[in-house]
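Peer 1: Whatever this is, show me its structure:
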Amino acid sequence: MPHQAVIMLLAGIGIPLLAALNARLGANIGSPAAAAVVLFVVAFAAAVLVTLITGMGAVRALPGQPWHLFTAGLFVAFYVLSITWVAPTFGVGNAVFFVLLGQLVSAAAIDHFGLFGAQVTPVSLTRMLGILAMAVGVAITQLAPRG
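Peer 2: Prediction:
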């Protein structure tokens, strides 16, 4: 397995952990928004540390970037705030299921149209069936009888 796949597998493992931990923190302190702030402060510190270790040269290129590239932070904030708010009452599994479903649809559209400089990978019938199979598989895990 290529190292990129391992990294992304670990990132995927982290999504439900992030959801469960931050949802619990939000419930414990009575404020999903405050829990999100804590998460972002810790994430910011980690990102700064990695940037310091890997070199600050890229930071100088930031002012020349198109403004729309900076909106990605809004999507992260929306994800963290929504998962922290919703997961305690909807369930981490259910919340992550819908996140995964959204990711499958969005990723397919981004790849199909090559949005934001992504490599173009058309949505063929085979790919569509694969995405559907993944969605059905995740749905089955959430609809299976609990016990």
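Peer 1: make it CA atoms for all contacts and neighbour counts henceforth
Peer 2: Fine.
Peer 1: Quick check: pLDDT value at G147.
Peer 2: Looking at G147, its pLDDT reads 62.
Peer 1: what's the answer for I15, then?
Peer 2: I15 is assigned 90 on the pLDDT scale.
Peer 1: which residues does it contact?
Peer 2: V96 (CA atoms under 8 Å, 6 or more residues apart in numbering).
Peer 1: where's H112, which helix or strand?
Peer 2: helix 92-113 (DSSP states H and E).
Peer 1: need the next SSE after that helix, C-terminal direction.
Peer 2: Taking DSSP H and E, what comes next after helix 92-113 is helix 125-143.
Peer 1: Tell me the buried residues in that next one?
Peer 2: Within helix 125-143, the residues that count as buried by 16 or more other CA atoms under 10 Å are 131, 135, 138-139.
Peer 1: Below-threshold pLDDT in this structure: ranges please.
Peer 2: 144, 146-147 (pLDDT under 70).
Peer 1: Regarding it, what is its longest helix?
Peer 2: helix 3-29 (DSSP state H).
Peer 1: How far does stretch 72-83 sit from its chain's centre?
Peer 2: Its chain's C-alpha centre and that of stretch 72-83 lie 9 Å apart, by CA atoms, centre = their mean, to the nearest Å.
Peer 1: what sits up against that stretch?
Peer 2: Outside stretch 72-83, the residues touching it (CA under 8 Å, 6+ apart) are 19, 23, 32-33, 36, 95.
Peer 1: And the next helix or strand past the strand or helix carrying V38?
Peer 2: Per DSSP H and E: V38 is located in helix 32-54. Where DSSP H and E defines the elements, the next helix or strand beyond helix 32-54 is helix 72-90.
Peer 1: List the buried residues of that next one.
Peer 2: Here helix 72-90 shows 80-88 as buried, counting by 16+ other CA under 10 Å.
Peer 1: can you put these in CSV and add distance to G73?
Peer 2: Below are those laid out as CSV (distance: CA to CA, whole Å):
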residue, distance to G73
V80, 11
L81, 12
S82, 14
I83, 15
T84, 16
W85, 18
V86, 20
A87, 21
P88, 23
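Peer 1: closest to T121 among the residues you listed?
Peer 2: Nearest to T121 among those, counting by CA to CA, is V80 at 28.6 Å.
Peer 1: what's the spacing between that closest one and S31?
Peer 2: Going from V80 to S31 by CA to CA, to the nearest Å gives 13 Å.
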